[in-house]
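>>> need coordinates for the below:
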Amino acid sequence: MTGSVKVAGDESEPEPQDGRARLRAELLALGRGLEVPGDAGLTMAERVLARIVAEGVPAPAAPGRRERARVWVRRRARLLAAALSGLLVVLVLTPPVRAAVMDWFDFGGVEVRYDPSGPAAGRAGGPVPGCAAEPVAPARAGELAGFRPLAPEELGAPDAVSLTRLPEGRSMITLCWREDGRTVRLDEFASALDPYFTKQVREQPEWLKLADGRGGEVDGLWFARPHLLTIGMITADGTRWKRSQRTAGPTLLWVGDGRVTLRLEGVSSADRAREIAGSTH
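Numbers count the residues shown, from 1 in each chain. A predicted model of the protein is given here:
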């Protein structure tokens, strides 16, 4: 996989967490330790600006000059307080949001948008879409798509395989199985695709380590809650081509062979999804 995803709370990656904790502690300590003469009644943002200005005034400073500097600060701090306070909130109070923006923007060609205040997804009680588009043999699908489809031994031979044609001559391969009266769907496409799926989530997905079927591990994201799934693609001329939007149920997302993105839908258990992913090669 070309990138990595860091999710707050992942005990397997302590260094980023320690870094965020240290940053938070240092910023809070800075705020508590600010001492500027005559700063009674000033907000945190105003005290920060006051200290910056005060430290820039040559010493010794005449009382009149110091007072003029303080008045200058108070006048201009009102204009900058909102922006500075917003910056402090981003740096100190919302590491999960910052992680979502920086680490989850693109995962193997899938754009993940974390927005806790976004629109709620509907109930994912409907059936998972099956392989209705252009059924083909697995070998033929690989020839047309330009990559070999990966198959999970845990599910056996697929009941159906389809090929979805995309702009720019690209394709997505979908394998489908019927299990306990429901459809299990595995979508596969080249990871460099920009991007074909967009997931809008109100809750952060769970970070997982998955067996890659060859004795190693790969990164994965588990979406346990219903979420909005937009199926589309950005073409070379920059025009976004949208195909559809629907509510998707529990989904496991990972990258296999370092070049193919896999999206498993129709399995409600994270443990079961991990078993399927671990048998895919």
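>>> tell me the domain ranges of the protein?
14-98, 104-278 (automatic domain parsing).
>>> return the set of buried residues in stretch 156-170.
Of the residues in stretch 156-170, 158, 160-164, 166, 170 count as buried by neighbour count, 16 or more other C-beta atoms under 10 Å. For glycine as for every other residue, the C-beta is placed from the backbone atoms N, C-alpha and C.
>>> how about stretch 205-223?
So for stretch 205-223, counting by 16+ other C-beta under 10 Å, buried means 205, 207-208, 210-213, 218-223.
>>> just stretch 143-151 next, same as before
Neighbour-count burial for stretch 143-151 flags 145, 147, 149-151 (criterion: 16+ other C-beta under 10 Å).
>>> where does the stretch 51-200 of the chain have low pLDDT?
Filtered on pLDDT under 70, the stretch 51-200 of the chain yields the residue ranges 51-115, 117-126, 132-134, 167, 192-200.
>>> ok, 50 please
Residue ranges of the stretch 51-200 of the chain with pLDDT under 50: 52-53, 57, 59, 79-105.
>>> now residue 158. Nearest residue, chain neighbours left out?
residue 175 (4.1 Å; C-beta to C-beta, 6 or more residues apart in numbering).
>>> go on, residue 278?
In space, residue 278 is closest to residue 211, 3.5 Å off (C-beta to C-beta, 6+ apart).
>>> residues near residue 258, how many?
Counted with other C-beta atoms under 10 Å, residues neighbouring residue 258 total 11.
>>> kindly report the same for residue 276.
Residue 276 has 22 neighbouring residues, counting by other C-beta under 10 Å.
>>> what residues does the helix or strand harbouring it touch?
Per DSSP states H and E, residue 276 falls inside helix 270-278. By C-beta atoms under 8 Å, 6 or more residues apart in numbering, the surrounding residues in contact with helix 270-278 are 152, 154-155, 206, 208, 210-213, 220, 222, 224, 250, 252, 254, 262, 264, 267.
>>> got JSON lines for the buried residues of stretch 156-170, with secondary structure and distance to residue 183 too?
Formatted as JSON lines, these follow (DSSP: H, G, I helix; E, B strand; the rest coil; distance: C-beta to C-beta, whole Å):
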{"residue": "158", "secondary structure": "coil", "distance to residue 183": "11"}
{"residue": "160", "secondary structure": "strand", "distance to residue 183": "9"}
{"residue": "161", "secondary structure": "strand", "distance to residue 183": "13"}
{"residue": "162", "secondary structure": "strand", "distance to residue 183": "12"}
{"residue": "163", "secondary structure": "strand", "distance to residue 183": "17"}
{"residue": "164", "secondary structure": "strand", "distance to residue 183": "16"}
{"residue": "166", "secondary structure": "coil", "distance to residue 183": "22"}
{"residue": "170", "secondary structure": "coil", "distance to residue 183": "24"}
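>>> quick one: which of those is nearest residue 127?
residue 160 (14.0 Å; C-beta to C-beta).
>>> what's near enough to touch that closest one?
Contacts for residue 160 (C-beta under 8 Å, 6+ apart) come out as 130-131, 135, 175-176.
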